[in-house]
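1. Curious how this folds, go ahead:
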Amino acid sequence: MLVKTLNTVEIDDRQLAGAAEHAPEDVPVNAGGTETRAARRRGDQAPNRPPNKPRGIKRQRRAVKAATPAAPRRSARHPHDDAPDTDEDFRRLATLPDGPERQELRGRVINAWLPMAERLALRFRNRGENLEDLQQVAAVGLVKAVDRYDPEHGNAFESFAVPTVIGEIKRHFRDHMWGVHVPRRVQELRNRVRAARQELTSTIDDHGPTPEQIAEHTGMSVEDVVLGSQALNSFSPLSLDAELQNSDDGCSLADTLGSPEAGFDLVVAREAVKPHLDRLPEREKEILYLRFFRDMTQSRIAERLGLSQMHVSRIISRTCRQIADRVGENVPERAAA
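-> Predicted structure coming up:
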């Protein structure tokens, strides 16, 4: 029927062309064999239509259009242009055993849905990770979705694959992009605080929302808002050589870090033993005081107290062991000068 109709249209077009050739020279005609609008404006009258001019050409062309198979409409289950129709392929995958045929079909399905995974990766660009790496992670999520999808559940593959791919990308950020390990709960608080700040920026002044305003907007506690805000600044580590903001002299973060004092351990030890010195006998207390707080040598202490240097050394050693047992740490004893 379609071939017959097309042949009819071809014959009619030749007949119309012949009608145009037989038209009078003073009457301009168009490709369809009828007078032009310019001729009608000049008042020219077209002659009678040729006897062989067919009628009903529009009806015949409409018949051709109706007989032409319409392009298949995309299923409502696949709203995107890059969503292929792989329902039959998934049904075959569910029945095929492991082997070359199944692997080939599986690879073909993955390649068909790869544009969707790459589009999902674009949502997470400009967040500190290379786009090509994100697309690789999205491809891994797509492979997992293809392997786990069960067409018997009745859901479209796209509705199953999208959350699987997005979850794989978020897992990549959680496990590999943080400079330090942050609990998952804190990461979720960070995401909620960031989203709330973006929503409140248009309604709050230039200083941004306060923790109380964010807590009221999200239903979180102020403590959780503060914790999430701190996590916002903990995603990537700062370089110690980076120049500090608002620094006129070009100071770096390393310039603000202190260095350990040489006598710090000695100060801590002295402060730790002071409460225990009061419980010592007067002679032991005086010897330790002269040795550690007046920096006197054992020889000078022995001369001052009328004792031998060996006796003074034994008293210092025995008393230091007693205090160390009470304090729980060794008290440093400096060698005699």
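
2. contacts and neighbour counts: CA atoms only from here.
-> Fine.

3. Near Phe160, how many other residues are there?
-> By other CA atoms under 10 Å, the residues close to Phe160 number 16.

4. which residues touch it?
-> With contacts defined as CA atoms under 8 Å, 6 or more residues apart in numbering, Phe160 is in contact with 145, 149.

5. and the strand or helix carrying it, which residues are buried?
-> Using DSSP states H and E, the element containing Phe160 is helix 157-176. Residues 157-158, 160-162, 164-166, 168-169, 172-174 are the ones in helix 157-176 that count as buried (16 or more other CA atoms under 10 Å).

6. averaged over its residues, what pLDDT does it have?
-> Helix 157-176 shows a mean pLDDT of 89.

7. Pull the residues that contact the next helix or strand after that helix.
-> Using DSSP H and E, the next helix or strand after helix 157-176 towards the C-terminus is helix 184-200. Outside helix 184-200, the residues within contact range by CA under 8 Å, 6+ apart are 174, 208-209, 214, 217-218, 224-225, 227-229, 231-232.

8. one more time with 6 Å, if that's ok
-> Under the contact criterion CA atoms under 6 Å, 6 or more residues apart in numbering, helix 184-200 has outside partners 228, 231-232.

9. who are the neighbours of the longest helix along the chain, in terms of helices and strands?
-> Ordering each helix of the chain by length in residues (DSSP state H) puts helix 100-122 first. Counting contacts by 3 or more CA pairs under 6 Å, 6 or more residues apart in numbering; DSSP states H and E, helix 100-122 packs against helix 131-148.

10. Any idea which residue is closest to the centre of this protein?
-> Closest to where the C-alpha atoms of the chain average out (CA atoms, centre = their mean) is Phe124, at 4.5 Å.

11. confidence score at that residue?
-> Looking at Phe124, its pLDDT reads 88.

12. Same check on Arg294?
-> 88.

13. Low-confidence ranges, the stretch 201-337 of the chain, go.
-> Along the stretch 201-337 of the chain, the model assigns pLDDT under 70 to residues 205-206, 234-238, 329-337.

14. can you pull out the helices in it?
-> Along the stretch 201-337 of the chain, the segments classed as helices by DSSP state H, counting those that start in this stretch run 211-218, 222-232, 264-277, 282-288, 298-305, 309-327.

15. Just the CA atoms of stretch 224-235, as PDB, please.
-> What follows is stretch 224-235 as a C-alpha-only set of coordinates in PDB (Å, rounded to 0.1, in the frame of the first residue of the first chain):
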ATOM      1  CA  ASP A 224      25.900  20.200  66.100                       C
ATOM      2  CA  VAL A 225      25.900  23.400  63.900                       C
ATOM      3  CA  VAL A 226      29.200  24.500  65.400                       C
ATOM      4  CA  LEU A 227      30.600  21.000  64.900                       C
ATOM      5  CA  GLY A 228      29.400  21.000  61.300                       C
ATOM      6  CA  SER A 229      30.900  24.400  60.700                       C
ATOM      7  CA  GLN A 230      34.200  23.300  62.000                       C
ATOM      8  CA  ALA A 231      34.200  20.400  59.600                       C
ATOM      9  CA  LEU A 232      33.600  22.800  56.700                       C
ATOM     10  CA  ASN A 233      37.200  24.000  57.300                       C
ATOM     11  CA  SER A 234      38.600  20.600  57.800                       C
ATOM     12  CA  PHE A 235      38.100  19.100  54.300                       C
END
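
16. Pull out the buried positions in that stretch.
-> Buried, per 16+ other CA under 10 Å, within stretch 224-235: 224-229, 231-232, 234-235.

17. From the chain's centroid, how far away is stretch 272-281?
-> Remark: stretch 272-281 is offset 59 Å from the chain centroid, using CA atoms, centre = their mean, to the nearest Å.

18. First-to-last residue distance for that stretch?
-> 18 Å (CA to CA, to the nearest Å).

19. the inter-axis angle of the helix holding Phe160 versus helix 100-122?
-> 70 degrees (axes from the mean of the first three to the mean of the last three CA atoms, to 10 degrees).

20. Now helix 157-176 - C-alpha only, CSV.
-> Extracted in CSV, the C-alpha atoms of helix 157-176 (Å, rounded to 0.1, in the frame of the first residue of the first chain):
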residue,chain,number,x,y,z
PHE,A,157,17.2,0.6,35.6
GLU,A,158,17.8,4.3,35.6
SER,A,159,15.8,4.7,38.9
PHE,A,160,18.1,2.1,40.4
ALA,A,161,21.4,3.2,38.8
VAL,A,162,21.2,7.0,39.6
PRO,A,163,21.3,6.6,43.4
THR,A,164,23.9,3.8,43.1
VAL,A,165,26.3,6.0,41.1
ILE,A,166,25.7,9.1,43.3
GLY,A,167,26.3,7.0,46.4
GLU,A,168,29.6,5.7,45.0
ILE,A,169,30.8,9.3,44.3
LYS,A,170,29.8,10.5,47.7
ARG,A,171,31.6,7.5,49.2
HIS,A,172,34.7,8.5,47.3
PHE,A,173,34.6,12.0,48.8
ARG,A,174,34.0,10.6,52.3
ASP,A,175,36.8,8.0,52.2
HIS,A,176,39.5,9.7,50.1
